[in-house]
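*Asks:* Need a 3D model of the sequence below.
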Amino acid sequence: MRVLATEVKIAAPMAKVWQTLMDFEHWHEWNPTVKQAGGQAEIDAVLSITMSRDDCQEVSYQPRVYEIQPPHLFRWRATMMAGFLFTNDRVFELREEGGVTTLSHREEFAGIMAVLWWGKLSQFVIPILEKMNTALKKKLEVSP
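*Replies:* Below is the predicted model:
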């Protein structure tokens, strides 16, 4: 498995961060990397995500909710063709200390294609994660 990870501190209670992350229907309002998102935060639920990239291309996928431990951990998994070829897990882990929530936000890649695509993945995934982190921080630290 190959991992690309980011972290951000948000001056907001963990419950508020969790609530915002689980409200997929409204991601497009604050998240510059997502044009559309939908689905339920439940094990085995299939989400619908359409990413908007800087080059104006859209990428849609339907990851399955793989793990959820409210309000600390949420993980979805997208699979291309078959799991041994490519899987991509998006993981959100939250912890709170003194009213400040730390979001560990990462993507975990596995399969034959992950090895072949690693150079490209390692270039564009971190900026996407960081862009989402920054937007989430801005939304939660400004809104009441």
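*Asks:* rest of the way, CA atoms for contacts and neighbours
*Replies:* OK.
*Asks:* Packing partners of the strand or helix carrying residue 118?
*Replies:* Residue 118 is part of helix 112-142, with elements assigned from DSSP states H and E. Secondary-structure packing of helix 112-142 (3 or more CA pairs under 8 Å, 6 or more residues apart in numbering; DSSP states H and E): strand 2-10, helix 27-30, strand 86-97, strand 100-110.
*Asks:* Tell me how far the next helix or strand after the second one lies from the chain's centre.
*Replies:* Put plainly, it is helix 27-30. Downstream of helix 27-30, the next assigned helix or strand under DSSP H and E is strand 34-38. How far strand 34-38 lies from its chain's middle: 12 Å, per CA atoms, centre = their mean, to the nearest Å.
*Asks:* How about residues contacting strand 34-38?
*Replies:* With contacts defined as CA atoms under 8 Å, 6 or more residues apart in numbering, strand 34-38 is touched by 24-28, 47-52.
*Asks:* Which residues are in contact with the residue nearest the centre of the chain?
*Replies:* Closest residue to the average C-alpha location of the chain: residue 90 at 4.9 Å, with CA atoms, centre = their mean. Residue 90 sits next to 75-77, 105-108 when contact means CA under 8 Å, 6+ apart.
*Asks:* Cool, thanks, signing off.
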